[in-house]
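# heads up, no residue letters with this:
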């Protein structure tokens, strides 16, 4: 079966939508408000596991611990535990010991071997995570695990997120039907190459760990690594994937592209949801770049545009300032030919063949006044390179939220 024959249908549910997964979200006292702050996702049987971690050299203790346990297990896991309200990052040896204790407690809650527990934390950097709270919380979470626990788990990993992010799809293949589900969090300190975001993706398809790892890395490159809110890379980023085989559908090497598309059916809406819920965001912005000498050059230009404060503030003000798009593309360090470049905002072309079309600015401004904005730049090289990224506008609320983050 090839990708064209694949049927992917969105279904109700979340990270526990695939068979053989349970989840829970509880309050264990990390957040002083009493809000949910601890999520647990458990596979009833050992699952193939894969992960993508932050590229930041200042890696948080949970990242270090999860990397070590994933290596020790040979790519198998049964439980993922995530706390919000404290990143447990840059907290020294004591923070590392707390992360180890958290992973051990998660394994205990799932009845799993210690190396089959993965953990993540999100919140303020440089603050100690209260070990007793998270360990006791994991003991309590065991009783709350259920097939319907995905939405609570999605809420429990939120920090400044304005809404939970969850998605699930059902995939029909010639070999049978399986499901993919997932949750994610992230709102600020978001930049491609991982950011302050966490995600857990589950599937009841059977996949070997090495294949799952390749598929997750491929999907992450065009979803979670194709978003930005503020160009800031963080210390705690993780995307975990678990595949337990409970559906009876086995995915092999020949079905790699099928697996990628199935995972993308969940990862893309989760990634876009992170940007739509970006700190202070009022608009989701899709940046499309074509005409690059290569796909990597197109992505480099798209990333530069998506991270430009001048572009993002112009979008916030519904100002069709196409000159900022041309300026960013021209300094992005990629092939660029001004006389053949084009700029489009929505469906309105504002620059082409070396001349502006400012008489169309009002139409472009009308498009920018909506909540879903599209920016398109052709680099003019005539090459086949194309890329897409998602970002959001930059508002005064972003400054207010981050000026008061610790106070």
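That came through, no problem. Source: prediction; values computed, not measured.
# you'd agree residue 349 is up against residue 356?
No: contact criterion C-beta atoms under 8 Å: residue 349 and residue 356 do not qualify, at 10.1 Å. All C-beta spots, glycine's among them, are computed from the backbone N, C-alpha and C.
# Looks to me like residue 310 is in a strand.
No: residue state for residue 310 (DSSP: H, G, I helix; E, B strand; the rest coil) corresponds to helix; a strand is not indicated.
# How about the contacts made by the closest residue to it other than its chain neighbours?
Beyond its immediate neighbours in the sequence, the residue positioned closest to residue 310 (C-beta to C-beta, 6 or more residues apart in numbering) is residue 324, lying 4.8 Å away. When the contact criterion is C-beta atoms under 8 Å, 6 or more residues apart in numbering, the partners of residue 324 are 308, 310, 311, 314.
# What count of nearby residues applies to the first one?
Same thing as residue 308. Taking other C-beta atoms under 10 Å as the neighbour definition, residue 308 ends up with a count of 23.
# Could you check the pLDDT of it?
Turning to residue 308, the model gives it a pLDDT of 92.
# who's in contact with residue 321?
The neighbourhood of residue 321, defined by C-beta under 8 Å, 6+ apart, consists of 310, 311, 314.
# Count the residues that sit near the second one.
Around residue 311 sit 24 other residues, with neighbours defined as other C-beta under 10 Å.
# ok but residue 28 is inside a helix, no?
No: counting by three-state DSSP, one finds residue 28 to be coil, located in no helix.
# so it sits right up against residue 139, yeah?
No: using C-beta under 8 Å, residue 28 makes no contact with residue 139, being 9.5 Å away.
# Of those two, which one has the most company?
residue 28 (22 against 12).
# and that one, what does it touch?
Residue 28 sits next to 37, 38, 83, 133, 134, 136, 137, 138, 140, 141 when contact means C-beta under 8 Å, 6+ apart.
# can you do 6 Å?
38, 133, 137 (C-beta atoms under 6 Å, 6 or more residues apart in numbering).
# Next: residue 330.
Residue 330 makes contacts with residue 336, as judged by C-beta under 6 Å, 6+ apart.
# Tell me which stretches of the stretch 151-300 of the chain form strands.
For the stretch 151-300 of the chain, applying DSSP state E, counting those that start in this stretch gives strands covering 165-173, 176-185, 198-203, 206-207, 238-243, 250-251, 284-292.
# The second one versus strand 198-203: what angle between them?
Here strand 176-185 points in a direction 170 degrees away from that of strand 198-203 (axes from the mean of the first three to the mean of the last three C-alpha atoms, to 10 degrees).
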